[in-house]
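Predicted model and sequence below, questions to follow.
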Amino acid sequence: MSFEEIQALIEADDCAPLGAALRALTPEQRKVLAKDLIAYEKAHRAGDDPWHHGSTLAIAGAGLLPNASALTPWLVRYRTSAFYATDEIGVLIGVLRSRDLPWLPDLVTRLAAKMPSRERWRRDLLQVVLEFCGDAPPDSDGFLLHFLDFRDQARWRPAFDALIPRMLDAVGSGAILAGSPPWQSFLRDRAEREVLLDGCLARLQQGGAAKEMEGFLALHDVLQVTVDEAVEHARDYVAMLPDSRSTVANLAQHQLKRCDDTGRLDFELLCDASRWVFGRTEKKLVRSQLTWLGKHAGARPDEVVLTVAELFAHESDDLRGQAVKLIVKHLGDVGEATRAEIRALAERLPGDLARQLGGTAVQDEAVELAAFAPAPFPEPIATLDELTAELMGSFARSSGHLVPSTAERIVEALVRFAWRDRDALSKAIQPLYDKHPWFEYREQHPDDDHDPRSEFINVIIAARRKPKPLRQQVSSELDFARNRKAEHPQPVPADDLAKRLYEIAQGLVHLPKPALVSTPTEMSGLLEPATLVERLSRAKTEGWEPWRRDLRQAVARLPRDTDPALFSALPSEAAVKVREWLAARTEPEISITERTYTYDYSWQSPPPTDTGLYAVVVPGLEEPELSLRHHDEWGLQLEWWPSLLPAQREITAAHLIPHFRARTASKGSDGPLLPMLAEAHGPAGPALHLALVLGLGAELTVNRAYAVDAMLVLAARGQLDGSTLGDLVGRVLDQGDVSLNRVVPGVRDAARSGAAQQVWEALTVLLPRLWSHNRASEVVELAVELAQLLQPGGDVEGLAEVAARKGSSKTVVQAKRLASALGSTA
């Protein structure tokens, strides 16, 4: 049989006839045809459609390649499927079986090692491994997780029992078990109980993602652990308490309490468990532990009160107050040495709580923030090797969103090096094309996307192309992007960014320039006026004018107070434009307004709506709610926006508010977007403060942490307005866009890190709106802490009425403490 016939079957995607033809070959024929197949595949992979004929190429490789080392990467590269009319995997397995190969065990080992553990979609490799592994299954994570995920219990063999400990140990197995009750029951019935329980407890101790822990909690539940087993593993349960997820800590606490209820838990272990729980933040868990431990105070008062005193370091005054109450109840039963130790430990308590124990609190001093110093922009990329490294890093598999300063430096370097030596630049970019073949495809088949990320990629592609100068002379008014349409319902910073990048890409090909003039001099995006004067002067001397949008971006990056007269001495057309644009600069009006977004869902009548607070900018952003569902994760390059208008951050903040609103109910890390706004320039007005509030209420913890960082930057610059912040928190809470359990921890962190005065001012404005809120006690508790720290005196609207109420609700208790703290400083 000739290779041309094999090739025809491959390109016809006809698996069954190809399999039959390959099974009929002799070893000598395979040896000859294998060389032709390797040459054909190499050319095919370098062609325009390398993703075609994957199944038939996989089958051809299985029928012709000479050893496991050659076939393994081949089968990893080309995938077969069992979901079509022809069982492609079955054909491939039949071809391998017909060859009676001695190296199949080696192939099994190699394929199992190559099976991905995170993206479990290689059922074809799983089927090959299961078919030929016999009673010696591999134990790679990829194989085990594929086996679990495809629910192949029917293919379980006695020899697989030895894999159970490794199966439980593989990261990802818990997430699969969480959605597979049949696997939970199968493992319970199949595995040795002690092996399964040990593996389950080990993974719960190890911790992991919520879904991962959910699977092992479910497995633990299926096992129905007895009291005898819980007693035997008591130390394992204690080990789960320090830093595990809440669900795991609840399980551990429950099992330890079962042991204690039968009188079989060592008291020292109970104290150890209590100390770990008292270091956690979940109030319900801590209260339960406190109540449980308190039941032993009658028999062992000294040990109990000293253990309870661990709570003196807790961040919650409510829990510290409960600890003090329990200790006071039993203080008369303890020895003098214990009382003295309690008085010493009470120094960590707020003053009013310390006095209940006969102690004196050590008064903390408010943290002072270091003065803010703007960070200079990094030095330009100096060499082509450095440019190659930056490009490779920006598109690496592990890379996140483009870092704005990195992107600016790359674009600047591409323009500069393209002017100097286009051929050398092309060679420097080639490794990027080799690593990511889609660049080549994108160059040959341009798409219609106009977002900034797409245009950034187009700049890289354009830097490799040979210049095609415009045939006629053009003026400096030439705007390459004049007909470029925006992709959004109203103008957003991404549109101008995309058009500027489009202009650079077109300019690199049709009107090259020696340099850009808009590269910042400060990390915020700001451009020093003197630097722009110097760049324009050099351009005039060298006889060239900047691209129009590059010049426009340079002006947008100048400080707000830049004097147009600075550019009067320059005779160039660019300098004239700079003076005109600076003279025409205006400050738009920005206000916080309630707006309603109506979803365009044709299948619902009336269509659903979303009402919330937005920043309206006149002129420029009259209907901000229209952007609510138009912000994507990558294309718009949101992190770049603050550096586009670094002297007018209120405008940028207003444009980003729809995105921050969406982030209160969606995951996805924005990076230091809010700190970038805080480090920029211009007024820190209501738009920026509303962005902070929404950031404090974000769903993702890391985004809330960035909001705290931004607050501290503003506080260090004297630009954090506590009253505005408090008012906006109250208004957004009224709208239901954020929850106090997200906002309060962030505000507390900011207060303790240097913004105590501003946070106190925010709380005095916020509290009058919160007295009836079900989580008001947390805010009042923070106010008590700050009142004792700052001793501001004065009063808070509504405080006297709440403090005068009867009862012992947490809000009333904390209100009495706040009234006392303010009164003591009067």
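Everything's here; your move.

Can you pull the phi/psi pair for residue 589?
Here is the backbone geometry of residue 589 (degrees, to the nearest 10): phi -90, psi 130.

so who does it touch?
Listed by CB atoms under 8 Å, 6 or more residues apart in numbering, the contact partners of residue 589 are 617, 618. Backbone N, C-alpha and C define where each C-beta goes, glycine included.

Please apply the same query to residue 786.
By CB under 8 Å, 6+ apart, the contact list for residue 786 reads 751, 756, 759, 760, 763, 792.

Apply 10 Å and report the result again.
For residue 786, the contacting residues are 366, 748, 751-752, 756-757, 759-764, 792, 818, 821, by CB atoms under 10 Å, 6 or more residues apart in numbering.

try residue 534
Residue 534 neighbours (CB under 10 Å, 6+ apart): 517, 528.

Show the model's pLDDT score for it.
Per-residue pLDDT puts residue 534 at 98.

which element is it on?
Assigned by DSSP states H and E, residue 534 belongs to helix 529-542.

Report the distance from that helix to the chain centre.
41 Å (CA atoms, centre = their mean, to the nearest Å).

now do stretch 753-771
So, by CA atoms, centre = their mean, the centroid of stretch 753-771 is 29 Å from its chain's centroid.

any low-confidence regions in the chain?
82-86, 361, 363, 398-399, 472-477, 486-489, 601-604, 629-633, 824-826 (pLDDT under 70).

tell me which residues in stretch 550-568 are buried?
For stretch 550-568, the neighbour count (16 or more other CB atoms under 10 Å) marks 550-558, 562, 564, 566-567 as buried.

Stretch 693-713 now?
So for stretch 693-713, counting by 16+ other CB under 10 Å, buried means 693-698, 703-713.

what number of residues lie near the closest residue to residue 800 other than its chain neighbours?
Nearest residue to residue 800 in three dimensions, chain neighbours excluded: residue 819, at 6.7 Å (CB to CB, 6 or more residues apart in numbering). Look at residue 819: counted by other CB atoms under 10 Å, it has 19 neighbours.

what is residue 591 paired to in the beta sheet?
Assessed by DSSP bridges, residue 591 has beta-bridge partners residue 616.

That one: neighbour count?
The number of residues packed near residue 591 is 13, by other CB under 10 Å.

all strands of the chain, in order?
For the chain, applying DSSP state E gives strands covering 589-598, 609-618.

Looking at those, which one is packed in the most?
Burial of the strands of the chain is given as mean neighbour count (mean count of other CB atoms under 10 Å); strand 609-618 ranks first at a mean of 18.

Return the angle between stretch directions for it and strand 589-598.
160 degrees (axes from the mean of the first three to the mean of the last three CA atoms, to 10 degrees).

Numbering from 11 from now on, please.
Done: numbering now begins at 11, and the last item shifts to strand 619-628.

Where do the domain boundaries of this protein fall?
394-593, 601-779, 783-836 (automatic domain parsing).

Quick one: closest of those to residue 220.
domain 601-779 (12.0 Å; CB to CB).

and the gap between the residue nearest the centre of the chain and residue 714?
For the chain, residue 679 is the residue whose C-alpha lies nearest the centre (CA atoms, centre = their mean; 3.1 Å). Remark: distance between residue 679 and residue 714 (CB to CB, to the nearest Å) = 11 Å.

Also residue 638?
The value you get for residue 638 to residue 714, if CB to CB is used, is 20 Å.

Contacts only, for the nearest residue to residue 343 once chain neighbours are set aside.
Once flanking residues are discounted, residue 343 sits nearest to residue 311: 4.1 Å by CB to CB, 6+ apart. By CB under 10 Å, 6+ apart, residue 311 lies in contact with 337, 339, 340, 341, 342, 343, 344, 345, 348.

And for the fifth one, the neighbour number?
Taking other CB under 10 Å as the neighbour definition, residue 342 ends up with a count of 8.

wouldn't it be in contact with residue 349 here?
Yes: counting by CB atoms under 10 Å, residue 342 touches residue 349, with 9.1 Å between them.

Isn't residue 65 up against residue 101?
Yes: if you go by CB under 10 Å, residue 65 and residue 101 touch, sitting 8.5 Å apart.

Could you tell me which residues touch both of these two?
Common neighbours of residue 65 and residue 101 (criterion: CB under 10 Å, 6+ apart): 25, 28, 90.

Compile the residues you listed into JSON lines and extend it with columns for neighbour count.
Rendered in JSON lines, the data for the shared contacts of residue 65 and residue 101 read as follows (neighbours: other CB atoms under 10 Å):
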{"residue": "25", "neighbour count": "26"}
{"residue": "28", "neighbour count": "26"}
{"residue": "90", "neighbour count": "28"}
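
could you dump those residues to TSV with distance to residue 480?
Shown next, in TSV, are those (distance: CB to CB, whole Å):
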residue	distance to residue 480
25	53
28	54
90	52
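
before we move on, back to that, against residue 348, how distant is the residue nearest to residue 343?
Taking CB to CB as the measure, residue 311 falls 8 Å from residue 348.

which neighbours do the two share?
Each of 337, 340, 341 lies in contact with both residue 311 and residue 348 under the rule CB under 10 Å, 6+ apart.

what's the closest of those to residue 629?
Nearest to residue 629 among the shared contacts of residue 311 and residue 348: residue 337, at 63.6 Å, using CB to CB.

For the nearest residue to that closest one once chain neighbours are set aside, give me its contacts.
Leaving out its chain neighbours, the residue that sits closest to residue 337 by CB to CB, 6+ apart is residue 315, at 4.8 Å. Residue 315 makes contact with 303-304, 307, 333, 336-341, 343-344, 348-349, 351-352, 355, 367 under the criterion CB under 10 Å, 6+ apart.

Recalculate using a threshold of 6 Å.
Residue 315 sits next to 337, 340, 344 when contact means CB atoms under 6 Å, 6 or more residues apart in numbering.

and these as JSON lines, adding distance to residue 57 and neighbour count?
Listed next are the contacts of residue 315 as JSON lines, based on distance: CB to CB, whole Å; neighbours: other CB atoms under 10 Å:
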{"residue": "337", "distance to residue 57": "78", "neighbour count": "27"}
{"residue": "340", "distance to residue 57": "82", "neighbour count": "17"}
{"residue": "344", "distance to residue 57": "83", "neighbour count": "20"}
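
Need those in JSON lines (columns: distance to residue 671).
Output for these, formatted as JSON lines (distance: CB to CB, whole Å):
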{"residue": "337", "distance to residue 671": "46"}
{"residue": "340", "distance to residue 671": "50"}
{"residue": "344", "distance to residue 671": "54"}
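
circling back to that earlier point, buried residues in the helix holding residue 544?
539, 541, 542, 543, 545, 546, 547, 549, 550.

quick one on the thing from earlier: redo the buried residues of stretch 560-578 as TSV? Include distance to residue 590.
Putting the buried residues of stretch 560-578 into TSV (distance: CB to CB, whole Å) gives the following:
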residue	distance to residue 590
560	16
561	11
562	11
563	16
564	14
565	10
566	14
567	17
568	13
572	13
574	8
576	14
577	10
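
Thank you kindly, that will do.
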